[in-house]
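**Q** Kindly return the folded structure for what I paste below:
(one chain, ligands or ions: 1)
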Amino acid sequence: MYDVKIRKLPSSKDLPLPKQMSASSAGFDLLAAVKEEMVVAPGDWTLIPTGISLEMPEQLEAQVRPRSGLALKHGITMLNSPGTIDADYRGEVKVIVHNLGRESFVVKRGERIAQLVFQELPKIRMMEVAELSTTSRGEGGFGHTGK
Ligand SMILES: O=c1ccn([C@H]2C[C@H](O)[C@@H](COP(=O)(O)OP(=O)(O)OP(=O)(O)O)O2)c(=O)[nH]1
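**A** Sure thing, here's the model as predicted:
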């Protein structure tokens, strides 16, 4: 269990605190802290503020992910999905909303625009080597085994 601190910024004072999906879940929905609404034209993308900033243990990162309902109904996704929120980032969490739909999408204030999922990060040690081990896959990739 990790403690994640959420700070509401002045732009979201009147909005509810994002709700954890369940007491044990690893994430919550992000609310759009736009002034009233923001229009995203078809094919366009824009940065949507969420009105919160975070503090989490350094073993974690948070990932900004699309909501499947918005994707299915409106073609709305996150351009950089999953967006990465670094543990040492203290700025406002923002969402790059991409409209892949055929119609303009209106982001309304307080709407659940994306979801944030926390992930434990492995510790790695990088090392340069001259050779890598051999495997049966070798260099095959990008569909080389067929459909
Ligand atoms: O969807 C996103 C992605 C990133 N960020 C914030 C938090 C993250 O810690 C910071 C930097 O993100 P990232 O490392 O993806 O961006 P970069 O383009 O590599 O910028 P930087 O040079 O600031 O690391 O921007 C968001 O608020 N939302």
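**Q** Please compute how far the helix or strand bottoming out on mean pLDDT in the chain lies from its chain's middle.
**A** When each helix and strand of the chain is scored by mean pLDDT, DSSP states H and E, strand 27-31 comes last, with a mean of 93. For strand 27-31, the separation from the chain centroid amounts to 9 Å (computed by CA atoms, centre = their mean, to the nearest Å).
**Q** The next helix or strand after that strand packs against which elements?
**A** Sequence order places strand 37-40 as the next helix or strand after strand 27-31, per DSSP states H and E. With contacts taken as 3 or more CB pairs under 8 Å, 6 or more residues apart in numbering; DSSP states H and E, strand 37-40 sits against strand 45-49, strand 94-99, strand 105-108. The way it works is simple: take the backbone N, C-alpha and C, and place the C-beta from them, glycine included.
**Q** just those strands: most buried one?
**A** strand 94-99 (a mean of 21; mean count of other CB atoms under 10 Å).
**Q** avg pLDDT for it?
**A** When pLDDT is averaged along strand 94-99, the result is 98.
**Q** Next one: it, is it in contact with the ligand?
**A** Yes: using CB under 6 Å from any ligand atom, strand 94-99 comes into contact with the ligand via 94-96.
**Q** Of those residues, which is the nearest to Val117?
**A** Val95 (13.3 Å; CB to CB).
**Q** I figured Leu15 hits Leu31, correct?
**A** Yes: contact criterion CB atoms under 8 Å: Leu15 and Leu31 qualify, at 5.4 Å.
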